[in-house]
Structures are given as C-alpha cells and as structure tokens.
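Participant: Generate coordinates for the sequence data below:
(one chain, ligands or ions: 1)
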Amino acid sequence: MSVGVEALFTSALGLQLPWVVEDVKLDTAKRRIDFEIGCQGSTLTCPACSAVAQPVHDRLRRSWRHLDFFQFEAWLHCDVPRIACARCGKTTQLPVPWARPGTGFTAAFEALALALCRELPVRQAAGLLRCADKQLWRRIAFYVDQARAVESFAGVQTVGIDETSLRRGQNYITVVHDLDAKRLLFATEGRDHQTVLDFAADLKAHGGDPAEVRHVCMDMSAAYAKGAGLALAQAQISYDRFHVIAMANEAMDQVRRTEMQDDAAAVRYALGSNDRKTLKQLMWGMRRNPSGWSRAQVNAMHWLQHSTLKSARAWRLKMALREVYAAARSHNNFEQAQTDLQAWLSWARRCRLEPFKKLATTIKDRFGAVVRGMTDHRSNAFVEAMNGLLQQAKRAARGFRTATNFIAIAYLRMSKLKHLPAHPFSPAGAR
Ligand SMILES: [Zn+2]
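Facilitator: Model prediction:
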C-alpha cells in the first residue's frame, strides 16, 4: 500500500495527532504550495487548565508562511479550534505546534530568517525570503530578548567598555564585552556614566556580580571612569592601545590643520607643490602606516620628513608612540614599558606642540592604567576585532539604522546566545 501524499507531508512537517495534513494544493503557475492542516476530534484538552475532553467552541482560520518547498512558496492553513472549557470556564485557542502564538511565520521559517540575518544585511535577507524587512526586525528583537533573558553572565571578570556611533559623531551607543568569553554582554544608547551603572544592573540580572569584575579595559572618557568607579569598584582600569593611538593621531591632525591655517605657505614650500592633491596625500600619509603608503604618499612624506615643519615633528611623535606600543607587544615587560613610555612623555612635554603637551598630561595622569594596557594584548586585539564586527552590524542595519535595531542585530551576531532557534537546515545528525 502506498503512503498518501497527505500522510507523507504530515510526517515531513513533524505533525502528530490531532494535527494532520488533509489536503495539498500545488499551483505551478503561481509557484505556490498550500497545505491544509486539520485538527481532528470534536473534543480536545483545554490549553488553559489541561482538562481533557472539552468541546470545540468554534474554529478560526489562520495561515502561516513556511520554508519554501523546492521552488514553491509554501503556506500552511488551518481552522484552529477554540476550546470552551467546562472546568475553568475559559474559551481558549489551541496553540499550534508549528508556530509561536500570534505570528504569521512558522517556527522553521523564523529560524531560517534568523540564521540569514546573522550572515547577511537584513534587507538582503528579506529579499531572499521575499518578506518585508520590518517583519524580520520584529523577529530579531523577539528572539534576541527571549535568548538574552535566560543567558547567564555568572563569572564575568574582565570587561571592555567602548563607544560606537550610528552616524559619524552622533547617536552614541555604549557596548560592553566579556573579554575572556569574547562576546558582547550589553549595549545601550548614550555614553554617559549611567551606561556603566546600567551594565552593572544588567550583569546582576543575569546572575553576574559587579564586585567580581577585576579588570576593565576602556577609553579615557571621564564618564566611563566615573561609571566604573561607582559600579565596578573592585576593577583595575587599563586603557587599550587602540584608543591611545587614536588620541595621538588626533593630536597630530590638530597640529597639521593649525599649521595649514597659520602657515600654509611654509607647508607648500616644504612639499614643493601648490597642489591641493599633494596636501591630501600628506594628510593620508601622516595617518597611515608607512607600509600602506601609495607612491604619491611616499613622495609627500619624503618631503615632510626633510622639512622643519611642526607637522613633521607631530608625525615623529605619533610614530614614536606607536613604536613604544609595538616594543611592549614583543617584550611584554611591564617595567620596560614604563621606562619607554616615560621617555616618550618627556619628549612630548618638551615638544612645543600644544596638542601633544595636552596628550602627555592626559597619559601622565593615568600612567599606570596606560602601561597596563600596553602589555595586555588580549584586550587590545579583541577591541579591534570587535570594532570590525560592530561595523558589520551597522552595515547589516542599513536603511533601518535605529539604536534599537543596531543593538538587536549586535546581540544576535556578537553575544554567542545559546538559546536561539537552531538553523532549520542543519543536518539531522549535527543537532
Ligand atoms: Zn480549562
């Protein structure tokens, strides 16, 4: 006896009594397959109180988008019974096993959507799935909230606090990573000290203990220092390489800009060119590593290095600081790093370039924490890797880049959440 097509799909969809596929309609012109699912029996168990053999009150027509069946868009339809229970007196709709309540997608379709959104920009995932971006954003938010709610942050000891912005220079988001587990723990709008307090509260809510956080790696903002002082009082602070070098680059840029404003003639004379392009090459050459210089940048930097410009001195100071960091990375010796940084500071203090004198004061005030950050490459490397992932998350939210969406997609991709739905196409053996 051959198995009927309805019975075949009943088992392919993983349905069990009282649910059965009663009809299958394939429309090749519309590239669509529709499954009619029936709920058998005139009496059923009450979903509210579990009383057995309660009468079906009525049935409500519902439809769900399912995973494509070959090239056909697949839909499930069902007249879902409502049970009028004599014991608890409630009239309750039966939950269906293939979808969570109130959604028009099956659970398998949602799991595929989520898997795609981890790899692709959400707009692109929506295109592949032929659904609206908005529908995907809603589901990302739902599953991320659900998964985060049961996530444990117990034993977190080393965190990195960082800021990122959705648009250049605005819409700041504070992100907190677990530097040991290499995952995103927390993200919130703003970059004031309250964000660190909110992180500590969230850590507690997930079974972690702020008093157990021993080490915080962050930038030099006064707000984060205040927040860490209040909420993570046991933690030692260190400032990572990435931020300190960024500050040196900013100081160098300031020197160059000021010199261009005050003494453009001297700069043009030193470069032997009146060309705007050459000045652009100089700007990029100064910012970039020498190994990444284009031919035009090599040329501009050659003239700069043979000049007596302030910009030349600023560039040497920046490069020297990079050297101090590079050396610390290879010798990994705290005392040596202290000596080298001290030497750089005394040069920077005497350099007669205001932005570098200011930077030297900033570093001197936080000397111990800066040196700790020099020999801690675990966090240094991680902060840079995370920055790359955050940029990808921003690209994934393109067109819908609100703080809420960005935070949700960052959690989805960077938090290593353990309770997200499994990819529906993972091989049966691998589950
Ligand atoms: Zn009941």
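
Participant: tell me what the lowest-mean-pLDDT helix or strand in the chain is packed against?
Facilitator: Least confident helix or strand of the chain, by mean pLDDT, DSSP states H and E, is helix 377-396 with a mean of 81. If you count contacts as 3 or more C-beta pairs under 8 Å, 6 or more residues apart in numbering; DSSP states H and E, helix 377-396 packs onto strand 158-167, strand 170-178, helix 241-262, helix 403-414. Any C-beta I mention is one placed from the backbone N, CA and C, and that applies to glycine too.

Participant: Let's see that with 6 Å instead.
Facilitator: strand 158-167, helix 241-262, helix 403-414 (3 or more C-beta pairs under 6 Å, 6 or more residues apart in numbering; DSSP states H and E).

Participant: Nearest to Leu60, out of the ones you listed?
Facilitator: Leu60 lies closest, by C-beta to C-beta, to one member of the helices and strands packed on helix 377-396: helix 403-414, at 30.9 Å.

Participant: which residues touch that closest one?
Facilitator: With C-beta atoms under 6 Å, 6 or more residues apart in numbering as the test, helix 403-414 has contacts from 118, 137, 140-141, 144, 166, 184, 187, 189, 389, 393, 396-397.

Participant: thought Ser307 was touching Leu271?
Facilitator: No. Using C-beta atoms under 6 Å, Ser307 is not in contact with Leu271, being 7.9 Å away.

Participant: So which of those two has more stuff around it?
Facilitator: Leu271 (21 against 17; other C-beta atoms under 10 Å).

Participant: how far away is Trp303 from the ion?
Facilitator: Separation of Trp303 from the ion (C-beta to the ion, to the nearest Å) stands at 86 Å.

Participant: got a list of what Glu259 touches?
Facilitator: Lys310, Ser311.

Participant: if you set the cut-off to 8 Å instead, what comes out?
Facilitator: For Glu259, the contact set (C-beta atoms under 8 Å, 6 or more residues apart in numbering) comprises Ala266, Val267, Leu309, Lys310, Ser311.

Participant: ChimeraX command for the buried members of these?
Facilitator: Typed into ChimeraX, the line below selects the buried ones among the contacts of Glu259, using 16 or more other C-beta atoms under 10 Å:
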select :266,267,309,310,311
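
Participant: among the contacts of Glu259, which are in helices?
Facilitator: Mapping these onto helices (DSSP state H) picks out Ala266, Val267, Lys310, Ser311.

Participant: Tell me which residues touch the last one, please.
Facilitator: Taking C-beta under 8 Å, 6+ apart as the contact definition, Ser311 lies against Met252, Val255, Arg256, Glu259, Val267, Leu282, Met286, Leu304.

Participant: for whatever residue of the stretch 101-250 of the chain ends up closest to the ion, helix, strand, or coil?
Facilitator: Of all residues in the stretch 101-250 of the chain, Pro101 sits closest to the ion, at 17.0 Å by C-beta to the ion. Put simply, Pro101 is coil when judged by DSSP: H, G, I helix; E, B strand; the rest coil.

Participant: count of neighbours near the nearest residue to it once chain neighbours are set aside?
Facilitator: For Pro101, ignoring the flanking residues on the chain, the nearest one in space by C-beta to C-beta, 6 or more residues apart in numbering is Pro95 at 6.1 Å. Neighbour count of Pro95, defined by other C-beta under 10 Å: 10.

Participant: now Cys39
Facilitator: Neighbour count for Cys39, taken as other C-beta under 10 Å: 18.

Participant: can you pull out the helices in the stretch 201-350 of the chain?
Facilitator: For the stretch 201-350 of the chain, the helices defined by DSSP state H, counting those that start in this stretch cover 222-231, 241-262, 264-271, 276-287, 295-305, 310-331, 334-349.

Participant: Tabulate the ones you listed in JSON lines, adding columns for mean pLDDT.
Facilitator: Putting the helices of the stretch 201-350 of the chain into JSON lines (pLDDT from 0 to 100) gives the following:
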{"stretch": "helix 222-231", "mean pLDDT": "95"}
{"stretch": "helix 241-262", "mean pLDDT": "92"}
{"stretch": "helix 264-271", "mean pLDDT": "85"}
{"stretch": "helix 276-287", "mean pLDDT": "86"}
{"stretch": "helix 295-305", "mean pLDDT": "89"}
{"stretch": "helix 310-331", "mean pLDDT": "94"}
{"stretch": "helix 334-349", "mean pLDDT": "96"}
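
Participant: between those helices, which one is nearest to Gly38?
Facilitator: Nearest to Gly38 among these is helix 222-231; the distance by C-beta to C-beta comes to 56.3 Å.

Participant: Buried residues of the closest one, list them for me.
Facilitator: Ala223, Tyr224, Ala225, Gly227, Ala228, Ala231.

Participant: Who are the packing partners of that helix?
Facilitator: Judged by 3+ C-beta pairs under 8 Å, 6+ apart, helix 222-231 is in contact with strand 158-167, helix 193-205, strand 215-218.

Participant: now do 7 Å
Facilitator: In terms of contacts (3 or more C-beta pairs under 7 Å, 6 or more residues apart in numbering; DSSP states H and E), helix 222-231 is packed against helix 193-205.

Participant: can you give me how far the helix it packs on is from the chain middle?
Facilitator: Here helix 193-205 is found 18 Å from its chain centre; the criterion is C-alpha atoms, centre = their mean, to the nearest Å.

Participant: Stretch 235-250 now?
Facilitator: Centroid separation for stretch 235-250 versus its chain: 21 Å, with C-alpha atoms, centre = their mean.

Participant: so who does the residue of the stretch 251-400 of the chain found nearest the ion touch?
Facilitator: Going by C-beta to the ion, the ion is nearest to Phe400 of the stretch 251-400 of the chain, at 41.9 Å. Phe400 makes contacts with Val122, Asp133, Trp137, as judged by C-beta atoms under 7 Å, 6 or more residues apart in numbering.

Participant: Most neighbours out of those, which is it?
Facilitator: Val122 (25 neighbours).

Participant: That one reaches Asp133, doesn't it?
Facilitator: Yes. With contacts counted by C-beta atoms under 7 Å, Val122 reaches Asp133, the gap being 5.7 Å.

Participant: residue ranges with poor pLDDT in this structure?
Facilitator: 1-3, 377-380, 427-431 (pLDDT under 70).

Participant: tell me the secondary structure for the spatially closest residue to His423 that is not a sequence neighbour?
Facilitator: Take His423 and drop its neighbours on the chain: the residue closest to it by C-beta to C-beta, 6+ apart is Ala115, 4.4 Å away. At Ala115 the chain is in helix, as set by three-state DSSP.

Participant: Thanks a lot, see you next time.
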